[in-house]
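Peer 1: quick one: sequence and predicted model below, then my questions.
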Amino acid sequence: MRPLKPASALLIAGVHVKSDAYPNVKYKVEGLLAHPGLNAQEANFPPALSLRFGQRRGRFAALGTACRLGLAHLRALWAVARLAPGAALYVPYPAVFLVFLVSLLPRRWRPAAIHADAFISLYDTVVNDRALVKPGHPLARLLFAIERRAYRSADRVLVDTELNAQHMAHMFALPPGRVFALPLSINETIYAPLDYLPATDACTVLFIGTFVPLQGVDVIAQAIVLLRDQPQLTFRIIGNGQAAPEVAAILEAAQCRNVHWERDWQSAEALAAEIGQADICLGIFGAGEKAQRVWPLKNYAYMAVGRALITAGTPAARQLAGNDPAPWVEVPPGDPAALAQAIAGLAADPARRLACARGAGQFYQDRLANRASLQALVDSLALAAPARQQQPGAGRDPGQA
């Protein structure tokens, strides 16, 4: 790997996975590497990980995973120290640990500017959203300290919505303008626009998810129970995760027969085919704090294909729509009855479904397409380095600021 030229170079370094399981990383990195105005090269060290541990080997496998992750980050750090001085550094998600390590380097070994793709806060996810660790736990305090130092050392921290940008800036006491929001990226070859021809006698309702709390899958299950006697409705659920046992208990207790649940992991091609065959797609419905700030990747895919979308009327949804009428149907977060009513109403109105499908597809092309996100990222890369040079005390370590 040849050294980068100072001032006109971009190093993309990290421990990131480029696959359709992580499309935002894959297509942003590919876009940067192919951009004609950037002298970009990549130093990526994704370790081979196995996250399914047997009961007997669990602790040893977890230790091995931690060691591989640690070694991968050290290799990435060495690449940054060797190649990045004088150049800009972009660290794709998950950026936090590498950016933290870079902040420990002597000033002469650091990049001219650091751009960290945070996407979401690790502390916020582990402690606040999934409640895996209590706020006062030593691990929670350690995660917070690592993230705070990492993002205070970066010139630009990238997230997916303006509300997430405001939340992260407040949580980690970051200077104004440090956190920047830009749309996520998806596989637009697979999730391509597909004409919609609404049926009048049947309606398929689709949900795709990982069953994390913010998705409010229990709300979807309770809405299905309310609609279990509607013969024209078929519900397709694809995914598995933390809330799956609760959802299964709700559906089994009500003996819902109009539900088809595929729990196994599906390829992007299979998911796109499911969206193409759906009449209505369901977004997120959680009432928790984090759910109010996000616009999930599934919504991008639904809209890119061009299908009617029902999702919670969150501040993030309203901010995304701006002053224009939203092309999706909104319901109050955490309200199964309102969701059931919205599904029934849209299912009974094929013309409205068609209008919603077309509106969603056009909205995606105008505001969320990969080209818009990539241009916003390129603009951020161009602006962040001069901004640091003008900041008083820019040469100090973040721990001394």
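Peer 2: Looks like it arrived, so ask away. Keep in mind that what you see is a predicted model, and the values were worked out from it rather than measured. Numbers count the residues shown, from 1 in each chain.
Peer 1: helices or strands next to the lengthiest helix in the chain in the packing?
Peer 2: Longest helix in the chain, counting residues (DSSP state H): helix 58-83. Taking 3 or more CB pairs under 8 Å, 6 or more residues apart in numbering; DSSP states H and E as contact, the helices and strands that helix 58-83 lies on are strand 9-14, strand 39-44, helix 96-103. Every residue, glycine included, has its C-beta placed from N, CA and C.
Peer 1: of all these, which lies closest to residue 177?
Peer 2: Smallest distance to residue 177 across the helices and strands packed on helix 58-83 (CB to CB): 17.6 Å, for helix 96-103.
Peer 1: quick one: mean pLDDT over whatever helix or strand comes next after that closest one.
Peer 2: Per DSSP states H and E, the first helix or strand lying C-terminal to helix 96-103 is strand 113-119. Strand 113-119 shows an average pLDDT of 94 in the prediction.
Peer 1: give me the residues contacting strand 113-119.
Peer 2: Applying CB atoms under 8 Å, 6 or more residues apart in numbering, the contact partners of strand 113-119 are 24-25, 28, 88-96, 99, 102, 150-151, 153-160, 168, 179, 380-381, 384-385, 388.
Peer 1: re the thing from before, could the helices and strands packed on helix 58-83 go into CSV alongside mean pLDDT, mean neighbour count and distance to residue 354?
Peer 2: Compiled in CSV, the helices and strands packed on helix 58-83 are given as follows (pLDDT from 0 to 100; neighbours: other CB atoms under 10 Å; distance: least, CB to CB, whole Å):
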stretch, mean pLDDT, mean neighbour count, distance to residue 354
strand 9-14, 94, 24, 42
strand 39-44, 93, 18, 42
helix 96-103, 97, 23, 43
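Peer 1: how about the helices in this structure?
Peer 2: 23-34, 58-83, 96-103, 122-123, 138-153, 162-171, 217-226, 244-254, 268-277, 297-305, 315-321, 336-347, 350-363, 370-390.
Peer 1: out of those, which is closest to residue 193?
Peer 2: Evaluated over the helices of the chain, closeness to residue 193 peaks at helix 350-363, with 5.4 Å, by CB to CB.
Peer 1: quick one: the closest one to helix 297-305, angle?
Peer 2: 100 degrees (axes from the mean of the first three to the mean of the last three CA atoms, to 10 degrees).
Peer 1: show me which positions of helix 350-363 end up buried.
Peer 2: Of all the residues in helix 350-363, those buried under the rule 16 or more other CB atoms under 10 Å are 350, 353, 356, 357, 358, 359, 360, 361, 363.
Peer 1: again, but for stretch 229-243
Peer 2: 230, 233, 234, 235, 236, 237, 238, 239, 240, 243.
Peer 1: now for those, which pair is the farthest apart?
Peer 2: 230 and 240 (25.4 Å).
Peer 1: now the closest residue to residue 376 other than its chain neighbours: how far from residue 325?
Peer 2: In this structure, residue 376 finds its nearest non-sequential neighbour in residue 182, 4.1 Å apart by CB to CB, 6 or more residues apart in numbering. Residue 182 sits 24 Å away from residue 325, going by CB to CB, to the nearest Å.
Peer 1: would you list the buried residues of helix 350-363 in a markdown table and tack on distance to residue 287?
Peer 2: Formatted as a markdown table, these follow (distance: CB to CB, whole Å):
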| residue | distance to residue 287 |
| --- | --- |
| 350 | 31 |
| 353 | 26 |
| 356 | 24 |
| 357 | 27 |
| 358 | 30 |
| 359 | 26 |
| 360 | 24 |
| 361 | 29 |
| 363 | 25 |
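Peer 1: including pLDDT and distance to residue 270, could those residues go into JSON lines?
Peer 2: JSON lines is the format used below for these (pLDDT from 0 to 100; distance: CB to CB, whole Å):
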{"residue": "350", "pLDDT": "97", "distance to residue 270": "26"}
{"residue": "353", "pLDDT": "97", "distance to residue 270": "23"}
{"residue": "356", "pLDDT": "98", "distance to residue 270": "24"}
{"residue": "357", "pLDDT": "98", "distance to residue 270": "20"}
{"residue": "358", "pLDDT": "98", "distance to residue 270": "25"}
{"residue": "359", "pLDDT": "98", "distance to residue 270": "26"}
{"residue": "360", "pLDDT": "98", "distance to residue 270": "21"}
{"residue": "361", "pLDDT": "98", "distance to residue 270": "21"}
{"residue": "363", "pLDDT": "97", "distance to residue 270": "25"}
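Peer 1: and which of those residues is nearest residue 192?
Peer 2: residue 361 (10.1 Å).
Peer 1: you'd agree the closest one is up against residue 306?
Peer 2: Yes - counting by CB atoms under 8 Å, residue 361 does reach residue 306; the two are 3.2 Å apart.
Peer 1: got a list of what residue 259 touches?
Peer 2: Residues near residue 259 by CB under 8 Å, 6+ apart: 224, 235, 236, 237, 251.
Peer 1: please name the bridge partners of the third one.
Peer 2: Applying DSSP bridges to residue 236 yields these beta-bridge partners: residue 206, residue 260.
Peer 1: how many other residues sit next to residue 315?
Peer 2: For residue 315, the neighbour count with other CB atoms under 10 Å is 12.
Peer 1: with adjacent residues omitted, what lies nearest to residue 360?
Peer 2: residue 303 (4.2 Å).
Peer 1: any idea how far that neighbour is from residue 325?
Peer 2: Where residue 325 is concerned, residue 303 sits at a distance of 15 Å (CB to CB).
Peer 1: which of the two has more residues huddled nearby?
Peer 2: Using other CB under 10 Å, the more surrounded residue of residue 303 and residue 325 is residue 303, with 31 against 8.
Peer 1: isn't the residue nearest to residue 360 right up against residue 358?
Peer 2: No - judged on CB under 8 Å, residue 303 makes no contact with residue 358 at a distance of 10.8 Å.
Peer 1: what's the pLDDT at residue 47?
Peer 2: Residue 47 is assigned 82 on the pLDDT scale.
Peer 1: could you double-check that it lies in contact with residue 68?
Peer 2: Yes - look at residue 47 against residue 68 with CB under 8 Å: they come within range, at 3.9 Å.
Peer 1: measure residue 286 to residue 279 for me?
Peer 2: Taking CB to CB, one finds residue 286 at 23 Å from residue 279.
Peer 1: what sits up against stretch 350-366?
Peer 2: 193, 196, 198-200, 203, 279-280, 300, 302-309, 327-329, 346-347.
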